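**Q** Make a model of this:
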Amino acid sequence: CLKQHNKMNTKKLVLLLAVPILFILSVFILMLDVKHLQLETTTLPQAEGPGRSGRSNIIPGRIKGPHIKPKYPKQHQQTEEEDKFSQFIDKQQEKHKQTEQEDDYDEESAKRAEAVKQAYQHAWRSYKEIVGFGFDELKPISKQGHKWMHMALSLVDSIDTMWLMNLEEEYAEARDWISKDLKFDTDEGISFFETTIRVLGGLVSIYDMTGDEMFLHKADELADLLSPAFNSPTGIAKTTVHLKSGFASNPGWTQGSSVLSEAGTVQMEFCSVGRHTKKPHYCKKALKIYEQLNSIQKPDGLYPVYVNSDNVRFTTSRVTLGALGDSFYEYLLKMWLVTGKKDDSYKKMYNEAAEAVIKHLVKKSSPNGLVYIAEKDHSTIDKMDHLVCFAGAMFALGAYHQVTSNEEQHMKLGEEITKTCHEFYFRQPTGLSPELVHFGGDNDFQVNSGASHYILRPETVESYYVLYWITGDKKYQEWGWEAFQAIEKHCRTPTGYTGVRDVRVENSERDDLQQSFFMAETLKYLYLLFSPRSTLDLNNWVFNTEAHPIRMWAD
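**A** Have a look, this model is predicted:
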């Protein structure tokens, strides 16, 4: 340049070049500052905008990141336990971050979610067109209706599934029927527990999702009619209630005792109705059961399955997380969650029960070391129901929400139980799980003839969904897809879905019943497993035991 511009002195040239260089340098520094500011702001919890369903005003978008890592004052030196906890949270946040990046761009998951939605539509159309809303459930093979609750159970139990799947036409039809035709005038005794979790829970859930007051009015009416079940000398709920007369009773097969899982799995529903209607007596009656059970001596810290409703005494030594006991343990955790983690009495009861389960019931099989939860009746019974597979989700959810100081142990246990439940499916020729297995022998577990059936149960896919939501591990999606394909192959008929009588045999005889929980739970969890994680935020919603999402209380 100097040779070509001899007339320009060096000083002028330096000044001329300095101006653009300084300008470029200033822009570069400004860009760095802006980028730094963006990085700082993205660490704050931000709610996402409208998702694919366009319902962000009703179902809030997921808060990014599992939770903010605890910060300690500068002068505070983290203890070994605090440091271990921080590392655990770091791992979960990293898994969340990876899943966020994949959330809305996974075309394969979108196709699978659509396949599950079409399965629901097939089940719904078959129920509606073959037997109609005058029946609770469909018998697809004989093309007859099954009536046992007289409340169009398949409709009421799964209307929130329609909402989550954005099935507008089906939802509008179901809402219209509930508004005009749902009556609670059954002239016979019905199950207090099943009516609460399926019907009352379904109505509370869809009200929480939509804000439609009609659903709340129906829930209030039903809660009032169910309340006589609490009218025992101790407040422990009885198993059967007659809606017209208000008469409540316990069955002979329990020797007149109340059932642990039935009395202890109505608190979320009654407390939510009480909160929304400003009628606290609903909640007080339900919580009295926890107060009574918490006040008595428990063998090894565990709760036997039968309790005398007259004097609050356990009438058996049998303990299980399977049938008759299962959801009681689940609700101790979920009552703490749904109340916004503000009542530590539920937290304490859950932690004590969970540690007792780990100490006395968690076992490993031989030769492959599968982790399972046994039963106990004086001595250990190496048996595990498919129902127990909910516990994978329970332990993982508790760890995620920091209900315990043993987060890593509980998370690992949830993963191990879920792996065992996957084996229940994987090892059968049909790819479907039996009703229960017995552990022992030279191949971990055996399936006996009396319990080789599959009735479209949801507990394993529930754990797949919750574990995937927390960890982002794709294997849970693959396991869920395997289960769905097996259902499509062995349970689908031209007129709906049915269970099979023997999972050990290809082309097994079918049981001719499309359970309402198949539409309310199994297909809902499978759909959510393949949907963006923001579809339902487990920081804001808690599933009741029938897979009805109930919003956590903000106050």
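**Q** use CA for all of it now, contacts and neighbours both
**A** Noted.
**Q** residue ranges with poor pLDDT in the protein?
**A** 1-105 (pLDDT under 70).
**Q** Distance-wise, check residue 453 relative to residue 500.
**A** 6 Å (Cα to Cα, to the nearest Å).
**Q** And these two? Which one has more around it.
**A** Neighbours per residue (other Cα atoms under 10 Å) separate residue 453 from residue 500, with residue 500 holding more: 27 against 24.
**Q** next one: phi and psi at the residue nearest to that one when sequence neighbours are not counted?
**A** Take residue 500 and drop its neighbours on the chain: the residue closest to it by Cα to Cα, 6 or more residues apart in numbering is residue 510, 4.2 Å away. Main-chain dihedrals, residue 510, degrees, to the nearest 10: phi -100, psi 160.
**Q** Isn't residue 510 up against residue 501?
**A** Yes: with contact defined as Cα atoms under 8 Å, residue 510 counts as touching residue 501 (5.6 Å).
**Q** Going along the chain, name the strands of the stretch 151-300 of the chain.
**A** With strands called from DSSP state E, counting those that start in this stretch, the stretch 151-300 of the chain shows them at 189-191, 240-242, 248-249, 258-259.
**Q** how about TSV for those strands, with mean neighbour count added?
**A** Output for those, formatted as TSV (neighbours: other Cα atoms under 10 Å):
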stretch	mean neighbour count
strand 189-191	18
strand 240-242	24
strand 248-249	22
strand 258-259	27
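**Q** Please convert those strands to JSON lines, extending it with distance to residue 152.
**A** What follows is the strands of the stretch 151-300 of the chain, written out as JSON lines (distance: least, Cα to Cα, whole Å):
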{"stretch": "strand 189-191", "distance to residue 152": "14"}
{"stretch": "strand 240-242", "distance to residue 152": "18"}
{"stretch": "strand 248-249", "distance to residue 152": "23"}
{"stretch": "strand 258-259", "distance to residue 152": "26"}
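**Q** so which of the ones you listed gets nearest residue 375?
**A** Closest approach to residue 375 among those is made by strand 258-259 (16.2 Å; Cα to Cα).
**Q** same for the closest one, what does it pack against?
**A** Judged by 3 or more Cα pairs under 8 Å, 6 or more residues apart in numbering; DSSP states H and E, strand 258-259 is in contact with strand 306-308.
**Q** Contact partners for residue 448?
**A** 437-438 (Cα atoms under 8 Å, 6 or more residues apart in numbering).
**Q** Distance check, it against residue 503.
**A** On the measure of Cα to Cα, residue 448 and residue 503 end up 11 Å apart.
**Q** try residue 529
**A** Looking at residue 529 against residue 503, where the rule is Cα to Cα, the gap reads 24 Å.
**Q** Quick one: the helices in the stretch 451-555 of the chain, in order.
**A** Using DSSP state H, counting those that start in this stretch, the helices of the stretch 451-555 of the chain run over residues 459-471, 475-490, 516-517, 523-529.
**Q** Surely residue 462 touches residue 393?
**A** Yes: if you go by Cα under 8 Å, residue 462 and residue 393 touch, sitting 6.8 Å apart.
**Q** What segments of the stretch 301-450 of the chain are strands?
**A** 306-308, 313-314, 318-319, 362-364, 371-373, 375-377, 379-381, 383-385, 436-439, 445-446.
**Q** Mind putting those into a markdown table with mean neighbour count and distance to residue 346?
**A** What follows is the strands of the stretch 301-450 of the chain, written out as a markdown table (neighbours: other Cα atoms under 10 Å; distance: least, Cα to Cα, whole Å):
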| stretch | mean neighbour count | distance to residue 346 |
| --- | --- | --- |
| strand 306-308 | 23 | 20 |
| strand 313-314 | 20 | 20 |
| strand 318-319 | 23 | 20 |
| strand 362-364 | 16 | 22 |
| strand 371-373 | 24 | 22 |
| strand 375-377 | 18 | 23 |
| strand 379-381 | 13 | 27 |
| strand 383-385 | 21 | 25 |
| strand 436-439 | 20 | 30 |
| strand 445-446 | 18 | 34 |
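**Q** Just tell me which of those strands ends up closest to residue 258.
**A** Comparing these by Cα to Cα, strand 306-308 comes nearest, at 5.3 Å.
**Q** quick one: strands adjacent to that closest one?
**A** Applying DSSP bridges, strand 306-308 is found paired with strand 258-259 (antiparallel), strand 313-314 (antiparallel).
**Q** contacting residues around stretch 428-440?
**A** Counting by Cα under 8 Å, 6+ apart, residues outside stretch 428-440 touching it are 365-366, 382-387, 424-426, 445-448, 451-455, 482-483, 486-487, 490, 502-506.
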